[in-house]
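Participant: I would like to see how this sequence folds:
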Amino acid sequence: MLKIGIIGCGKIAQVRHIPEYLANPETEIAGYFDFKLERAKELAEKFGGKAYATPEELFCDKTIDAVSICSANIAHAKNAVYALKSGKHVLCEKPMAINIEECEAMVSEAKTAGKKLMIDQNQRLVKTHQQAKKLISEGLIGKIITFKTTFGHGGPETWSINPGNSTWFFDKKSSSMGAMGDLGVHKTDLIQYILDSKVVEVSAKITTLDKKGSDGNLISVDDNAICIYTMENGVIGTMTASWTYYGAEDNSTVIYGSKGIMRIYDVPGIPLKVILRDGGEIDYKLDQIQTNDNQTSSGVIDAFVKYINGDDDSAISGESVLNAMRAVFGSIESSKKGCSVKVNQ
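Facilitator: From the prediction side, this is the model:
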């Protein structure tokens, strides 16, 4: 039985991590930390375990085997490195960290400590995405030429323990990044996974167009990111992340190949649709993507437990996420400079 500590007891912990740990027969939640101690105490009373006054106290508890880092983005690296140094396996929420140096430090410390570091890039675990990757590798739609991948919804105002336009997502001091760090990291990691190819060059516009904070002014982080990615295999495509899709959520990916088109979560009611060049169509109905309003099990906790136990097949290791983070930070640099940026491998 793995004993788990939760760092940060906000909505992502309460909706995703805690329920999925409770559903896994190989895990027991033993500890909670939150900057609001009462919140940690309430969860400990409800689900069992102990509330800790500081994250360091939890990390130093030798009975705890692994932790979920669900704190604000700005604290991901600090908490993850401390936990790894303390001998804990770590599952860290996305974005991995707020700069590439922090990301690399996390990976380095995991290697030094001999512990597992996993990042919650959960779109890799979606069955439809896994099927798409398989079909592309088998050549169903031929040579891949271009793509477009999108993640947009109306914003994170309801995705916070304190909903509204005062959410920490809008505070650069806590989040560092906006839509790019919240949604863009998912689709950047996903397109590399599906195409089995890394981003090597980016040209991006990352900006704030509409979202306003509680003071009535535009928020201090981006609400839209539009990026052109060049992959190492020569494929070119767009990645769009937005908090201003005020209607139905869009979490689609479309791949254009020499033999046809693959539409992933792009056709209502059909998770994966292939339209072949000769006119044939193939539908795959495997699962539906999660939305903010329709939460289902992400599979992340089960994958984390398997990773700790030595089953690496579904592992989303920190090292495997590094290049997606390089592309994210490269996109931010590209937008600031107004030019294309090479992504350092």
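
Participant: Strands of the stretch 151-300 of the chain, residue ranges please.
Facilitator: Counting by DSSP state E, counting those that start in this stretch, the stretch 151-300 of the chain has strands at residues 199-207, 224-231, 236-242, 253-257, 260-267, 270-276, 281-284.

Participant: of all those strands, which lies closest to residue 51?
Facilitator: strand 236-242 (35.1 Å; C-beta to C-beta). Glycine gets a C-beta too; all of them are placed from N, C-alpha and C.

Participant: Could you pull out the buried residues of that closest one?
Facilitator: For strand 236-242, a neighbour-count test (16 or more other C-beta atoms under 10 Å) marks 237, 238, 239, 240, 241, 242 as buried.

Participant: same thing with stretch 152-159?
Facilitator: Residues 152, 153, 154, 155, 156, 159 are the ones in stretch 152-159 that count as buried (16+ other C-beta under 10 Å).

Participant: Flag whichever of those residues scores worst on pLDDT.
Facilitator: The lowest pLDDT within the buried residues of stretch 152-159 belongs to residue 159, with 82.

Participant: In this structure it contacts residue 11, no?
Facilitator: Yes. Contact criterion C-beta atoms under 8 Å: residue 159 and residue 11 qualify, at 6.0 Å.

Participant: tell me the angle of the longest helix seen in the chain relative to strand 199-207?
Facilitator: Ranked by residue count and defined by DSSP state H, the top helix of the chain is helix 318-337. Angle, helix 318-337 to strand 199-207, by axes from the mean of the first three to the mean of the last three C-alpha atoms, to 10 degrees: 50 degrees.

Participant: What values do phi and psi take at residue 36?
Facilitator: Here is the backbone geometry of residue 36 (degrees, to the nearest 10): phi -100, psi 100.

Participant: Can you report how many residues lie near the nearest residue in space to it that is not next to it in sequence?
Facilitator: Leaving aside its chain neighbours, residue 36 sits nearest to residue 9 (7.8 Å; criterion: C-beta to C-beta, 6 or more residues apart in numbering). Residue 9 has 27 neighbours, counted by other C-beta atoms under 10 Å.

Participant: same check, this time on residue 228
Facilitator: By other C-beta under 10 Å, 16 other residues sit near residue 228.

Participant: List the beta-bridge partners for the closest residue to residue 79 other than its chain neighbours.
Facilitator: Nearest residue to residue 79 in three dimensions, chain neighbours excluded: residue 69, at 4.9 Å (C-beta to C-beta, 6+ apart). In this entry, residue 69 is beta-bridged to residue 7, residue 92, by DSSP bridges.

Participant: Renumber starting at 15 from here on
Facilitator: Okay, residue one is now 15; in that scheme the one you just asked about reads as residue 83.

Participant: Wait, residue 83 touches residue 105, no?
Facilitator: Yes. Counting by C-beta under 8 Å, residue 83 does reach residue 105; the two are 7.0 Å apart.

Participant: one step back: can I have the longest helix of the chain written out in CSV, keeping just the CAs?
Facilitator: Extracted in CSV, the C-alpha atoms of helix 332-351 (Å, rounded to 0.1, in the frame of the first residue of the first chain):
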residue,chain,number,x,y,z
GLY,A,332,9.3,14.4,-16.4
GLU,A,333,12.0,13.8,-18.9
SER,A,334,9.5,12.9,-21.6
VAL,A,335,7.7,16.2,-21.1
LEU,A,336,10.9,18.4,-21.3
ASN,A,337,10.7,19.1,-25.0
ALA,A,338,7.0,20.1,-24.8
MET,A,339,8.0,22.6,-22.1
ARG,A,340,10.9,23.9,-24.3
ALA,A,341,8.3,24.5,-27.1
VAL,A,342,6.0,26.3,-24.6
PHE,A,343,8.8,28.6,-23.4
GLY,A,344,10.1,29.0,-27.0
SER,A,345,6.6,30.2,-28.0
ILE,A,346,6.6,32.8,-25.2
GLU,A,347,10.0,34.0,-26.4
SER,A,348,8.9,34.0,-30.0
SER,A,349,5.9,36.2,-29.1
LYS,A,350,8.0,38.6,-27.1
LYS,A,351,10.6,39.0,-29.9
